[in-house]
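A.B. asks: sequence and predicted structure are below.
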Amino acid sequence: MKSIVIEKPNTLIIAERPVPEPSAGEVRVKVKLAGICGSDSHIYRGHNPFAQYPRVIGHEFYGVIEAVGDGVDHSRIGERVSVDPVISCGHCYPCSIGKPNVCTSLVVLGVHRDGGFSEYAVVPAKNAWAIPDTVPDEHAVMVEPFTIAANVTGQINPTENDIALIYGAGPMGLTTVQALKRVYKVKTVVIADRIDERLAMAKQCGADWAINNSQHSLQEFLVENGLKPTIIVDAACHPSILQEAITLASPAARIVLMGFTSDPCQIIQQGITGKELSIYSSRLNANKFPVVIDWLVNGLIDPNQLITHTFDYHHVTDAIELFEKDQQHCCKVLLTFTE
């Protein structure tokens, strides 16, 4: 089989590897579609502190179960599945309270263990979630990105009366817009970004207001429109955002941090306690695949609004470079692995 392998930072090859056999409790998935994420680019460029090399990248993928290991029902062969990349121990403290995404022995497919940018992938059977026939392939491959939004919203429990502010109109910001507007029916969603084309996508996804905060003062805009955000989501991951969010937030607001940065962030504690703000962080997803599959079945979200490009996997280098360089026109890029 062919696999996309990062041998070391900035060195990508398409390697011929043996087709893997599933061990007990595992299934072999014939991959049909995979999505490129920013973290795949970070591993390729050597910017992911958790990555181990060489590595088959890819943690957003969909396919069909072709073989099963011992202990797995043979009736699952032929099942269409989307794969949860979060592999956890099930018994440590985080796992015991429903947070397998921060398991003390966490393994993430495509980061710590070979992922889905390959013609075949072996994964734990419990991580392969069945996709109903009514959900098309290109939506099935988008389950994982939307689980990030499901993880965020599952922590803060949005209501229709909330006023939400989202920093960043990349894939994570856009999935969060859709979740807030279409699933939770939040009355007002404001999104800020520095790229007008991304802001236009955010409007299509349901944002009520889209602000280019490189050209306009976000604080002035909120004051002029009488908006005090009760939910603020940092999907841009810049160290300056948290303090600004604390300043802009309504009393008793919830602030959510997504993504990773090693850059220091300076905040004034009084701004948090004076308003009794709640600050959350969100990593990956905690058992959110069935939640998002249900959203898809009920037509609550539309992944097509994020998908801008599709490449055959042989052209993966071109696909990643486009993803990295053309933020104006490129959002979610898919790779096809069909014969």
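C.D. replies: Perfect, thanks for sending it.
A.B. asks: show the pLDDT at Thr261.
C.D. replies: Note on Thr261: pLDDT of 82.
A.B. asks: report how many residues lie close to it.
C.D. replies: 13 (other CB atoms under 10 Å). Just so you know, the C-beta spots here come from the backbone N, C-alpha and C atoms, and that holds for glycine as well.
A.B. asks: that one contacts Cys237, doesn't it?
C.D. replies: Yes: using CB atoms under 8 Å, Thr261 is in contact with Cys237, at 5.2 Å.
A.B. asks: now stretch 50-66: buried residues?
C.D. replies: In terms of neighbour count (16 or more other CB atoms under 10 Å), stretch 50-66 has its buried residues at 51, 55-66.
A.B. asks: quick one: which of these is nearest to Leu227?
C.D. replies: Set against Leu227, the nearest of the buried residues of stretch 50-66 by CB to CB is Glu60 (33.5 Å).
A.B. asks: and the closest one, what does it touch?
C.D. replies: Contact analysis of Glu60 by CB atoms under 8 Å, 6 or more residues apart in numbering lists Ala34, Gly35, Ile36, Cys37, Pro85, Gly116, Val141, Met142, Glu144, Pro145.
A.B. asks: how many neighbours does the third one have?
C.D. replies: With neighbours defined by other CB under 10 Å, the count for Ile36 comes to 26.
A.B. asks: got a pLDDT number for it?
C.D. replies: For Ile36, pLDDT reads 98.
A.B. asks: could you give the separation of stretch 3-12 from the chain centroid?
C.D. replies: Centre-to-centre, stretch 3-12 and its host chain are 22 Å apart (CA atoms, centre = their mean, to the nearest Å).
A.B. asks: tell me the buried residues in it?
C.D. replies: Buried residues in stretch 3-12 (16+ other CB under 10 Å): Ser3, Ile4, Val5, Ile6, Leu12.
A.B. asks: can you check stretch 263-275 too?
C.D. replies: Ile272.
A.B. asks: which strand runs longest in the chain?
C.D. replies: strand 26-36 (DSSP state E).
A.B. asks: which is the next helix or strand following it?
C.D. replies: helix 38-45 (DSSP states H and E).
A.B. asks: what's the distance between the following helix or strand past that following helix and the middle of its chain?
C.D. replies: Downstream of helix 38-45, the first helix or strand assigned by DSSP H and E is strand 55-56. On the basis of CA atoms, centre = their mean, strand 55-56 sits 19 Å off its chain's mean C-alpha point.
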